[in-house]
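A structural model of the following input is requested.
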Amino acid sequence: MAAAEVRRILSKSNLLRENQSDMNFRCLLPKELQGTVDATAAEWHANSKVDRFWKKDPGLWTRDGEEKWLGWIDIVERQQKDLPQFAALAADVKANGFKSALLLGMGGSSLCPEVLAVTFGTQPGFPALHIVDSTDPAQVKAARDKVNLAETLVVVASKSGSTLEPNILKQYFFEEMRKAVGVEKAGSHFVAITDPGSKMEQVAKADGFRYIFYGDPEIGGRYSALSSFGVVAATIAGLDTAKLLSEAAKAVAEAKLPPAENPAVKLGLILGSAANAGRDKITIFPSPEIFDLGAWLEQLIAESTGKLGKGITPVDREAIGAPSVYGHDRVFAYVKLKSTADASLDAKVAALEAAGHPVVHFEITGLYEIFGQFFTWEVATAVAGSVMGINTFNQPDVEAAKVEARALTSEYEKTGKLPERAPVLVDEGIKLYATGTYAGALKEGAPAATLAGYLRAHLDHIRPGDYFATLAFVPMFPEHEKVIQGFRHKVRDTKKVATCLGFGPRFLHSTGQDYKGGPNTGVFLQITADHATDLAIPGQKFSFGVVIDAQAAGDLAVLESRGRRALRVHLGADVAAGLKTLAAAFDQALA
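Now for the predicted structure:
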């Protein structure tokens, strides 16, 4: 098919919507990028690549076993066959009057449930769903204090069953549950979601869990939203399982169409082609009612594409700015809820288009269509990886930080302390750390030996096409995020680069792959702090505070070993006061 014909059909991308989902997709691209996308779409059509995708052909990627990780492409149909099982779960949860549900997980096991909890809220007669995906002792304690465990169902979500965070969270909350309801009843308050044969399955059986739901070993965590990891959480929260799977099924049907009529494939061709052309960052603007979709998209895109020096860096929760604050390294994605109470993004997105920036639009008519978005973006990300020439389904650099953290916790078990590094500067109660080489560069570039001076030197390393990422190993509380968002946006507006914000350790299972395995275009600020309070972990010699400190140290070590420009700032035990001091230093550094 000629490129001109492909473009003609692309311009009529909504013609088949009457027989498919209500999801509306369109895009406006610069001429050169549009030409590349058209040519790539023609090549996909000529070589029957959509058909090959549905036949799980690893030749679309690198022939590195990708076919072993494509169980997600037919999971919706399989889940629909299990609707009676989900109905029974919903009836049981409702009948027993659980008021709260805590989901303990990390990365792909918790991000989809988080989107559902934030987007749909609490359903009548069903428990309020809360996500626990941190090892920060203050955040874990806050989750514990939020609920009455006697009226709480705890879901332990761990695909492999060997992931550190859900395992130690299970140990803590199981012991707390035993105290609350007694040894005999504790297990009846727990549900496991895990792969068959995992260590977590063994633990769940030994502890008498109420249910064990199984994942598919051929579905990776970031592609698991429509598997048991997402659907069980949705069911417990009282969502209409049949309806959500029906919406997902509509997106599945659309994803089988030829490239010119296929929003998922078109999106993937755009993202992959743009990344190859240097537009390797995607900034996500969802309507306020569905804003948390960006957190899920972050992991999907970053962990799938950030490797071998390539990557698409997702930018989430960065407020939309004037076109002048953006470089030429971005694609923008606007996911709009048609009935949104705040349509002010429309004009701002239109301004980006008018300035020549590439923008893709999705419009959904109801919240349940978010399940179609899950599948559409999964396909798009897989297609983008194909265009980029990478294995979309592995995550070779995630394990590196885990290895470092395990080594540090093992060292703590032997010696009772974590290794210490000497700070390169102490100012205003904040300690700064960097490698010897980079510390020398900061010292040389700093206008003064102060916190603001070193920050200025660090930010002066940002070049056009880079991004600035804050990696905050502090409690993910709204008041902390507000302060960090403030200086994050000041960096964006001053340096005119993309900015990212991740809270540790959750980002390690998400954007961390791209930060370590993607292009060396990130400038990183890691934030750590002392712990005003700590929590012991039953059966372990180390505490939650030790774990998060080891995870932060491991992450920084890997970033430094990859030659990343990374500076660590360590606050005192008063995180709020430390962040206030840091924000003031940013004001000085950017003046």
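
hang on, His328 packs against Asp280?
No - no contact is recorded between His328 and Asp280 when judged using Cβ atoms under 8 Å, the distance being 10.9 Å. Any C-beta I mention is one placed from the backbone N, CA and C, and that applies to glycine too.

Count the neighbours of Pro478 for me.
For Pro478, the number of neighbouring residues by other Cβ atoms under 10 Å comes to 6.

scratch that, Pro286 is what I was asking about
When neighbours are counted by other Cβ under 10 Å, Pro286 registers 26.

List phi and psi for it.
As for Pro286, its main-chain torsions (degrees, to the nearest 10) stand at phi -90, psi 160.

So what touches the helix or strand encompassing Leu582?
Taking DSSP states H and E as the criterion, the element that holds Leu582 is helix 575-589. Contacts to helix 575-589, defined as Cβ atoms under 8 Å, 6 or more residues apart in numbering, come from residues 428-430, 450-453, 455-456, 459, 474-475, 479-480, 483-484, 486-487, 490-491, 527, 529, 569, 571-572.

before we move on, back to that, between His328 and Asp280, who's got more neighbours?
Under the neighbour definition other Cβ under 10 Å, His328 and Asp280 were set side by side, and Asp280 has more, 26 against 13.

before we move on, back to that, could you identify the buried members of the contacts of helix 575-589?
430, 450-453, 455-456, 459, 474-475, 480, 483-484, 487, 490-491, 527, 529, 569, 571 (16 or more other Cβ atoms under 10 Å).

now, which of the residues you listed lie within helices?
Among those, the members falling in helices are Leu451, Ala452, Gly453, Leu455, Arg456, Leu459, His480, Val483, Ile484, Phe487, Lys490, Val491 (criterion: DSSP state H).

Count the neighbours of the residue nearest to the third one when sequence neighbours are not counted for me.
The shortest distance from Gly453 to any non-neighbouring residue, by Cβ to Cβ, 6 or more residues apart in numbering, is to Ala446 (3.9 Å). Per other Cβ under 10 Å, the neighbour tally for Ala446 reads 20.

From Ala585, how far out is Ala446?
Spatial separation of Ala446 from Ala585 under the definition Cβ to Cβ, to the nearest Å is 12 Å.

I'd say Thr36 and Ser273 touch.
Yes - contact between Thr36 and Ser273 holds when scored by Cβ under 8 Å: they sit 4.6 Å apart.

For the two, indicate the residue with more neighbours.
Ser273 (25 against 21).

so which strand or helix has that one?
Ser273 is part of helix 263-276 when elements are defined by DSSP H and E.

That helix: how far from the chain's middle?
Per Cα atoms, centre = their mean, to the nearest Å, the displacement of helix 263-276 from the mean C-alpha position of its chain is 19 Å.

Now that Ala225 has come up, it's in contact with Ser110, right?
No - in terms of Cβ under 8 Å, Ala225 does not count as a neighbour of Ser110; the distance is 11.1 Å.

phi, psi of the nearest residue to Val424 once chain neighbours are set aside?
In space, not counting the residues next to it along the chain, Val424 is nearest to Ala439; the distance is 4.3 Å by Cβ to Cβ, 6+ apart. As for Ala439, its main-chain torsions (degrees, to the nearest 10) stand at phi -60, psi -40.

for Ser227, same thing?
Here the main-chain torsion angles of Ser227 (degrees, to the nearest 10) amount to phi -90, psi -170.

Please name the residues that touch it.
Contacts for Ser227 (Cβ under 8 Å, 6+ apart) come out as Gly71, Trp72, Ile75, Gln79, Gly215, Asp216, Ile219.

any chance of these in a markdown table, with distance to Met23 and neighbour count too?
Listed next are these as a markdown table, based on distance: Cβ to Cβ, whole Å; neighbours: other Cβ atoms under 10 Å:
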| residue | distance to Met23 | neighbour count |
| --- | --- | --- |
| Gly71 | 23 | 19 |
| Trp72 | 19 | 23 |
| Ile75 | 19 | 27 |
| Gln79 | 19 | 21 |
| Gly215 | 26 | 27 |
| Asp216 | 25 | 20 |
| Ile219 | 23 | 24 |
